[in-house]
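Asker: Based on what follows, work out the 3D shape:
(2 chains)
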Amino acid sequence: QQPVQSPQAVILREGEDAVINCSSSKALYSVHWYRQKHGEAPVFLMILLKGGEQKGHEKISASFNEKKQQSSLYLTASQLSYSGTYFCGTEGRTFNDYKLSFGAGTTVTVRA
Amino acid sequence: DVKVTQSSRYLVKRTGEKVFLECVQDMDHENMFWYRQDPGLGLRLIYFSYDVKMKEKGDIPEGYSVSREKKERFSLILESASTNQTSMYLCASSLSGTSGKGNWDEQYFGPGTRLTVT
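Answerer: So this is what the prediction gives:
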């Protein structure tokens, strides 16, 4: 089952902040975040393993709430280079649910 | 740098043809993956392999098969291409989950093959 990402798209001005949410209907072991710029391959940002854990990549950080089966990606003081489509991937806790499933993506456009 | 290469960037095939998409990685990764990417649907896993000659179905395996005869090479096969298989196909590879990062480590993606079936 694919996780659900929201919003589908967001437009920002440079320096603004944004939050992208990723929700799953299954108990999660890990959440992965990737960014894909237009015409390029997806690139890894971070993996979150523990509930409540926060990781960072430049001014992009993320949190993982195990109990709510959710993760959020925070874009702080956005830069033009942050434009792209962000995907979350979720890995389930159970033996039969270990495959990594990606969401539909959130398209971020940062304007000058 | 890890490099994942795919045999073609663009491919046009006719309905009913047998299609081979090739993927090669140069970092001795155990895991390899095939995804298709469609607008509004994100990345959907077709098949993956965690070792030579080992394969497992992903979320949308119907109409596809795979082959992994060598560790560095993972092939996706469309036995009889259909128009609904027109899509962007992405290959990825990763180390096995022994780095303390869960079962799945960071994936490295190839540039993709845009397949059009007419």
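
Asker: low-scoring pLDDT stretches of the chain, where are they?
Answerer: You didn't say which chain, so I picked chain A. Chain A contains residues with pLDDT under 70 at A:50-57, A:95-96.

Asker: Correction: the question concerned chain B.
Answerer: If you take pLDDT under 70 as the line, chain B has these spans: B:2, B:97-103.

Asker: I'd like to know which residues of it are adjacent to chain A.
Answerer: Within chain B, the positions near chain A by CB under 8 Å from any CB of the partner chain are B:4, B:35, B:40-45, B:48, B:56, B:58-59, B:90, B:101-112. Just so you know, the C-beta spots here come from the backbone N, C-alpha and C atoms, and that holds for glycine as well.

Asker: let's see 10 Å
Answerer: Within chain B, the positions near chain A by CB under 10 Å from any CB of the partner chain are B:4, B:6, B:33, B:35, B:37-45, B:48, B:56-59, B:90-92, B:94, B:97, B:99-112.

Asker: Quick one, which of those are buried?
Answerer: B:4, B:6, B:33, B:35, B:37, B:42-45, B:48, B:58, B:90-92, B:94, B:97, B:101-110, B:112 (16 or more other CB atoms under 10 Å in any protein chain shown).

Asker: Give me the packing partners of the longest strand belonging to chain B, helices and strands only.
Answerer: For chain B, the longest strand by residue count, based on DSSP state E, is strand B:42-51. Applying 3 or more CB pairs under 10 Å, 6 or more residues apart in numbering or on different chains; DSSP states H and E, one finds that strand B:42-51 contacts strand A:28-36, strand A:84-92, strand A:100-102, strand B:31-38, strand B:54-57, strand B:64-70, strand B:73-78, strand B:87-94.

Asker: change it to 8 Å
Answerer: Other helices and strands packing on strand B:42-51, by 3 or more CB pairs under 8 Å, 6 or more residues apart in numbering or on different chains; DSSP states H and E, are strand A:84-92, strand A:100-102, strand B:31-38, strand B:54-57, strand B:64-70, strand B:73-78.

Asker: Contacts for it next, please.
Answerer: Strand B:42-51 has contacts (CB atoms under 8 Å, 6 or more residues apart in numbering or on different chains) with A:2, A:5, A:42, A:87, A:89, A:99-105, B:30-38, B:55-61, B:64-66, B:68, B:71, B:74, B:76, B:90, B:96.
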